[in-house]
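J.: sequence and predicted structure are below.
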Amino acid sequence: KNAVHITNNCYLNNFRAVRASHCADYGILFENGNNTSNVFEKCYIDTCANGYKVNGQYSTMISCCADNITGIVFELNSFTGALVGCGTEANAFETMLKAYTNSNIVLMGGMYFGNPNLAGFYFDIGSGCRVGVYNCTINYAEADSSGALCRLETSAYLTLKDTYLNKDFKGEN
């Protein structure tokens, strides 16, 4: 069901060169607890329902990728940290980045390529969350995709700086 499944309290770990494919749920799932100061480096998830779900603070993802995901590519809960050089090639995904429970996330230098499905979003940012996107490429695979760039809840913020948006976004927001 999940390639890596941590259920509670994981501290000071390095997850390097993890490869997961054909998972029914998540490639990497950190489900509960206080997961602090973990590093994910060069992890690759392919053809799973969902990519990464990390509940944790002060964590970093470096060169992590998720391809052919149909659900949520990066789901981050109570996450304070950075995604550096990460990306995806996922067509018809539900959400590229879902942030919730007061997360503070920075995406730096990644390429996010694909189409949200009909009701989907590139960014779904929950109340009290801040997401900064710097020097990234957000690239629709097709010009007529019907997904939207983002959905922001109350007191949620999305900052795009020096980021290339390729093709027009459609949808509500």
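T.: Ah, there it is. Since this is a predicted model, take the numbers as computed values, not measurements.

J.: what sits closest to the most centrally placed residue in the chain if chain neighbours are left out?
T.: Central residue of the chain (CA atoms, centre = their mean): F74, 2.2 Å from the mean position. Closest residue in space to F74, ignoring its immediate chain neighbours: L97 at 4.8 Å, by CB to CB, 6 or more residues apart in numbering. C-beta coordinates here come from the backbone N, C-alpha and C atoms, glycine included.

J.: output stretch 100-110 as CSV, nothing but the C-alphas.
T.: What follows is stretch 100-110 as a C-alpha-only set of coordinates in CSV (Å, rounded to 0.1, in the frame of the first residue of the first chain):
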residue,chain,number,x,y,z
TYR,A,100,-2.2,22.6,5.9
THR,A,101,-2.0,23.1,9.7
ASN,A,102,0.1,26.3,9.7
SER,A,103,2.8,25.0,7.4
ASN,A,104,5.6,27.3,6.3
ILE,A,105,7.1,26.0,3.0
VAL,A,106,9.6,27.2,0.5
LEU,A,107,10.0,25.7,-3.0
MET,A,108,13.3,26.6,-4.6
GLY,A,109,14.5,25.8,-8.1
GLY,A,110,12.1,23.0,-9.1
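
J.: contacts for that stretch?
T.: Around stretch 100-110, the neighbours that count as contacts under CB atoms under 8 Å, 6 or more residues apart in numbering are 76-87, 97, 99, 126-137.

J.: report the buried members of those.
T.: The neighbour-count test (16 or more other CB atoms under 10 Å) applied to the contacts of stretch 100-110 identifies 76-87, 97, 99, 126, 128-133, 136 as buried.

J.: and these, which of them are in strands?
T.: 76-84, 87, 97, 99, 130-133 (DSSP state E).

J.: can you count the residues close to L12?
T.: Close neighbours of L12, defined as other CB atoms under 10 Å, add up to 9.

J.: if you could redo that for D67, that was the one I meant.
T.: 19.

J.: tell me the contacts of it?
T.: By CB under 8 Å, 6+ apart, the neighbours of D67 are 44-47, 88-90.

J.: got it, and V133?
T.: 107, 123, 158-161, 163.

J.: out of the residues you listed, which comes closest to H5?
T.: The shortest approach to H5 among the contacts of V133 belongs to L107, at 24.7 Å (CB to CB).

J.: before I go, just wanted to say thanks for your time.
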